[in-house]
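Novice: Attaching a predicted model along with its sequence, questions to come.
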Amino acid sequence: MASVSLTDQMGAMALIDELRHSQMEVQKHLDLPERRRAVAERIREFYKAKGVDVQGGLVEQGVKDYFAARLTYDAPPIGPVTRLLTRVYITRGKWLKPVILVLALSAVAGVGIQVAAHWIGEERVQAAQNQVDGIRVHSRLLTGKVEQLRKRAIQLQPEVAGSNLPAAARMLLQVVVLLDKAQGQMLTTVPAKVTADSRIGDLNLAAMASKALEEGTSTLQTADEQLSDITELLSASLKLIALSTGDRFAATSRQHAALAIAAAHARSAIAQADTKGVAAARNSVDLVANLLGRATAIDPFLDQLQDAQAAVHDMGLSKVDADQFQPLFAKVDDAIKGLDVSAAERALQEVEQLKKFASTALKLNVVSRAGEKSMIERNFDPTGGKTWYLLTEATDSAGNVVSVPVTSAETGKKRFAKVIGVRVSQAAYIEAKNDKLADGRVDNSRMGVKDANSLTLKFSEGRTSANPDYILEW
């Protein structure tokens, strides 16, 4: 919001008060019944206090008559001389009219011009005086602000010197330069007393002084912000020192490269805070604190990863099956090194899911429930080609359906699914189709098995190839 001079504020308030009092007076006259009632009540109290017995009707009649005649005008009686002069005036000759008119206009114009000139001149002088007074007050306020900021700079100097932060020292020197500049901008020349003769020159001086004070205000604001930045930079530096010299930091930063990198970046940001900005330094230090906290939260995941690796090793999986765990182990390890708690947790859940699947012996059967699809035929219209699939599910020893991890031949995406489409020959497809058409079930539903401590699906001979294609959508 633009600055408002004290002169403008006080002048406006004076006019508002005058209008308010005028409004109150008008309101008193407008509310005549209430006014008459109040006056009658006061009169009764007066007579009662004096011990005078006055009938209420007399009081009411007197008040009513008073207010009825209060705002009327009664013309005084006209005497013979006055009546004669009036008649002479009314019947004055035509030759007199132009003369009287010219004389009257000349007199009125002369007096009016003098009064108007005097009034306008006084108004302008007073306005100029108000403006000059406001500038003088503004200058005193800014001078006080300069001294206040100088004290802050002096108080910060020992702390800056002891911090061994060249960036902070450079910023403090810049503050001193800004305050000296502002001090010079405060040295404005304005007269103490404005007169009619000096008004124009004084207003010119006032305009130059006002511009200088505006520039000084901007300079002081920059210096104030710079001092606050210095304080914030010192605080960020102390926080980084406390974090990096703590008991856990050295070991944690060796284990988690992200923490060491963040700490180095924070030190660089602090060293360049006078050019790169204090906000960047503060944010980089906050990141170090955040990563250090996340390192504490992620440490248990490292133990879980090591336990999972040992469990997979103890299963005695084939090399082909064991290799399927390696991308998941790498994903967990990358998340731990990057201190990404959420990613580490998700990757470990994937490891556990695959590990549980590998450890469980399963039976593979064609879906054979009434009302559910048991097979699917793919038609490729542009080429006329066809493929056939039996929809298959895996169950454990208790008969529970278990999700199977497969890669879709159509999308290339791998995921766990409770029902998978296994590609079979046309003959196997027709056989299963006729089987279901006979009684609504696939009696020969056996597709294969999966051994415990294995990821390999073993399909029954004659139904499909040893390594068939799979689909996950139909």
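Specialist: Cool, the structure landed.
Novice: quick check: mean pLDDT across stretch 337-353?
Specialist: With pLDDT averaged residue by residue, stretch 337-353 scores 91.
Novice: Same question for stretch 397-409.
Specialist: Mean predicted confidence for stretch 397-409 is 95.
Novice: Note down every partner strand of the longest strand along the chain and its orientation.
Specialist: When the chain is parsed with DSSP state E, its longest strand is strand 385-395. Using DSSP bridges, the strands paired with strand 385-395 are strand 362-366 (antiparallel), strand 375-380 (antiparallel), strand 401-402 (antiparallel), strand 420-424 (antiparallel).
Novice: Let me know which of the ones you listed is tucked in deepest.
Specialist: Neighbour counts (mean count of other C-beta atoms under 10 Å) averaged over each of the strands paired with strand 385-395 peak at strand 420-424, with a mean of 24. Backbone N, C-alpha and C define where each C-beta goes, glycine included.
Novice: so what does the helix or strand following that one touch, helix or strand wise?
Specialist: Next helix or strand after strand 420-424 toward the C-terminus (DSSP states H and E): helix 426-439. Judged by 3 or more C-beta pairs under 8 Å, 6 or more residues apart in numbering; DSSP states H and E, the packing partners of helix 426-439 are strand 375-380, strand 385-395.
Novice: In TSV: these, plus distance to Leu233.
Specialist: Shown next, in TSV, are those (distance: least, C-beta to C-beta, whole Å):
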stretch	distance to Leu233
strand 375-380	67
strand 385-395	62
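Novice: shaky segments in the stretch 1-150 of the chain?
Specialist: Residue ranges of the stretch 1-150 of the chain with pLDDT under 70: 1-14, 17-18, 21-22, 24-31, 50, 67, 69-125, 127-129, 131-133, 135.
Novice: got it, and the stretch 251-400 of the chain?
Specialist: For the stretch 251-400 of the chain, counting by pLDDT under 70, not a single residue falls below.
Novice: in it, which spans are helices?
Specialist: 257-271, 273-276, 278-315, 319-323, 326-337, 341-359 (DSSP state H, counting those that start in this stretch).
Novice: Where does the nearest residue to Tyr470 once chain neighbours are set aside sit: helix, strand or coil?
Specialist: In this structure, Tyr470 finds its nearest non-sequential neighbour in Val406, 4.3 Å apart by C-beta to C-beta, 6 or more residues apart in numbering. Assigned with DSSP: H, G, I helix; E, B strand; the rest coil, Val406 falls in the strand class.
Novice: list the contacts for Val406?
Specialist: Val406 makes contact with Lys414, Arg415, Ala417, Ile420, Tyr470, Leu472 under the criterion C-beta atoms under 8 Å, 6 or more residues apart in numbering.
Novice: Spatially nearest residue to the first one (excluding sequence neighbours)?
Specialist: Counting by C-beta to C-beta, 6+ apart, the nearest residue to Lys414 once its immediate chain neighbours are dropped is Thr407, at 4.2 Å.
Novice: before we move on, the earlier item: out of the contacts of Val406, which is nearest to Arg446?
Specialist: Ile420 (15.5 Å; C-beta to C-beta).
Novice: Who does that closest one form a beta bridge with?
Specialist: Thr392.
Novice: Show me the domain layout of this protein.
Specialist: Following automatic domain parsing, the chain resolves into domains at 9-65, 131-235, 299-359, 362-471.
Novice: Just give me how far the last one sits from the chain centre.
Specialist: If you compare the mean C-alpha spot of domain 362-471 with that of the full chain, they lie 55 Å apart, counting by C-alpha atoms, centre = their mean, to the nearest Å.
Novice: wait, which of the strands paired with strand 385-395 is closest to Leu354?
Specialist: Closest among the strands paired with strand 385-395, using C-beta to C-beta: strand 401-402, at 12.1 Å.
Novice: what's next to that closest one, contact-wise?
Specialist: Residues outside strand 401-402 that contact it (C-beta under 8 Å, 6+ apart): Phe357, Thr360, Leu362, Glu393, Ala394, Thr395, Asp396, Lys418.
Novice: Output these as a markdown table; include the columns distance to Leu172.
Specialist: A markdown table is the format used below for those (distance: C-beta to C-beta, whole Å):
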| residue | distance to Leu172 |
| --- | --- |
| Phe357 | 65 |
| Thr360 | 69 |
| Leu362 | 73 |
| Glu393 | 74 |
| Ala394 | 72 |
| Thr395 | 76 |
| Asp396 | 73 |
| Lys418 | 69 |
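Novice: Perfect, I'm done here.
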